[in-house]
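[1] turn this into a structure:
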Amino acid sequence: MPSTAQRALKAYLWFIAVFHLFVGLAVNMSDDFTRMIAAGYGATVDWTPQFVYILHPLGAFMIVLGFLAAVAARDPERYDAVIFGFIGLFLIRSLHRIVFGSVLTSAFGIPASRNTFNMILMAAQAVLLFLLWRAARTRPATS
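    Okay, here's the model as predicted:
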């Protein structure tokens, strides 16, 4: 029987999968959803055809990430590399908020406070995923 940590890890990986699949599909199929996603990030966007087009490959990456997370969610013990890939992704996205915070503010009008919140959220996702992975790997000692 799976432990609570193993069930929590699977549930979190399913959340990651659904989120990435939804965003990836939305970006490739619906301008309205894409605009809602940008608003959710607090971004003010100049929706030029060039900008909209460049989002489509990003959406394709999101779809693939969603599939990878779904595979890992089905059997996390077999897919440590996928889990660590997502931990790394969340950490890099958090660091982007620090390194490129001024660019986000000037290019997309994202206030520093919102940027800081998003940075903390990304870092928290990395930490949570790592802690769940570690807890799911902890086996009770057998005598």
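[2] just give me the neighbour total for Asn28.
    Look at Asn28: counted by other Cβ atoms under 10 Å, it has 17 neighbours. All C-beta atoms are positioned from the backbone trio N, CA, C, and that covers glycine.
[3] residues touching it, list them.
    Contact analysis of Asn28 by Cβ atoms under 8 Å, 6 or more residues apart in numbering lists 56, 59-60, 63.
[4] which among those count as buried?
    By neighbour count, with 16 or more other Cβ atoms under 10 Å, those hold 59, 63 as buried.
[5] need the contacts of Asn28 in TSV (columns: distance to Ala17).
    What follows is the contacts of Asn28, written out as TSV (distance: Cβ to Cβ, whole Å):
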residue	distance to Ala17
His56	20
Gly59	15
Ala60	16
Ile63	10
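[6] closest one of the contacts of Asn28 to Ala72?
    Ile63 (15.2 Å; Cβ to Cβ).
[7] and the spatially closest residue to that closest one that is not a sequence neighbour, what element?
    Distances taken as Cβ to Cβ, 6 or more residues apart in numbering put Gly24 closest to Ile63, at 3.6 Å, once the chain neighbours are dropped. Gly24 is part of helix 4-29, with elements assigned from DSSP states H and E.
[8] the residue nearest to Ile63 and Phe117, how far apart?
    Distance, Gly24 to Phe117, by Cβ to Cβ, to the nearest Å: 23 Å.
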